[in-house]
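A.B. asks: what follows is a predicted protein model with its sequence.
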Amino acid sequence: MRTRRAALAAAVLAALWCLLRSCRPRPAPASPPAPPTPAAAPAPTKDRAEFEEFEACWKAAKKPFSRAELLARTSCQPPFGIRVDRPDYTPAISVEPGIGMTAQVPKVAPKDLKFRWRADFGRFLSWEEPDFVVRELGTDVSNAGGTLYWTYDPALGRAEKPPVHVILDAVSPDGRVLATAGALILWQHDMAVVTKDGTLP
């Protein structure tokens, strides 16, 4: 009997001690949150894929060792560049306002490609149907295609003139330059001559 009372008293004392010492079980620490799952990259749209293919053609053309491979890819033909309608020009004897220049683009070129033309001497003109009125455009021009004309001041005559660098950029709608081409114009007296590989014929 005494043993049972002693055990009961010990149990009561232990319960009171737990109440005084906050013996309730502590919650387990929370596990750190899982790192966010990275969002999957958006699948390229058809339009973006066209711009990327066009840019890839131009980059391949810049590598000498890949020329044969480039020629085998008919979609990359003709290579991006500047097409001119005449090899030389002088305002004194020409019935046209200048050297006609057009962007030459491969088959993969997207339809909404834009072009930026720059020249460090002379200026660009437009001369189009139906009225064929010559319009001054300046030395830095953007268009969506078609022919521009490069010319210079005929009053310069036989005066010494600098080499002319014409730069053409192919630009995507978001403003990214996808490809660049150039033409070099040198002089024979007062005749402007579009050179091949920087040498006069």
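C.D. replies: Perfect, thanks for sending it. Numbers count the residues shown, from 1 in each chain.
A.B. asks: count the neighbours of residue 117 for me.
C.D. replies: Burial of residue 117 is recorded as 21 neighbouring residues (other Cβ atoms under 10 Å). In this view, the C-beta of every residue, glycine as well, is placed from N, C-alpha and C.
A.B. asks: packing partners of the helix or strand harbouring it?
C.D. replies: Element membership of residue 117, judged by DSSP states H and E, is strand 114-119. Using 3 or more Cβ pairs under 8 Å, 6 or more residues apart in numbering; DSSP states H and E, the elements in contact with strand 114-119 are strand 140-143, strand 164-171.
A.B. asks: which one of these has the most crowded surroundings?
C.D. replies: Across the helices and strands packed on strand 114-119, the average number of neighbours (mean count of other Cβ atoms under 10 Å) peaks for strand 164-171, which reaches a mean of 19.
A.B. asks: pull up the pairing partners for that strand, direction included.
C.D. replies: strand 114-119 (antiparallel), strand 177-188 (antiparallel) (DSSP bridges).
A.B. asks: residue 188 touches residue 90, doesn't it?
C.D. replies: No: Residue 188 sits out of contact with residue 90 when judged by Cβ atoms under 8 Å, with a separation of 9.5 Å.
A.B. asks: pLDDT at residue 136, what is it?
C.D. replies: If you check residue 136, the pLDDT there is 95.
A.B. asks: residue 196 too?
C.D. replies: The predicted local confidence for residue 196 is 73.
A.B. asks: now residue 72
C.D. replies: Note for residue 72: predicted pLDDT of 52.
A.B. asks: residue 159 now?
C.D. replies: For residue 159, the pLDDT comes out at 87.
A.B. asks: what does residue 13 give?
C.D. replies: 55.
A.B. asks: of all the helices and strands packed on strand 114-119, which lies closest to residue 129?
C.D. replies: For residue 129, the closest of the helices and strands packed on strand 114-119 is strand 140-143, at 15.3 Å, according to Cβ to Cβ.
A.B. asks: following the closest one, which helix or strand comes up?
C.D. replies: Next along from strand 140-143, by DSSP H and E: strand 147-151.
A.B. asks: that next one packs against which elements?
C.D. replies: strand 99-104, strand 123-127.
A.B. asks: quick one: closest of the ones you listed to residue 48.
C.D. replies: strand 99-104 (20.7 Å).
A.B. asks: what's the closest one packed up against?
C.D. replies: When contacts are defined as 3+ Cβ pairs under 8 Å, 6+ apart, strand 99-104 sits against strand 81-84, strand 147-151, strand 164-171, strand 177-188.
A.B. asks: just name the shakiest helix or strand of this structure by mean pLDDT.
C.D. replies: helix 67-72 (a mean of 52; mean pLDDT, DSSP states H and E).
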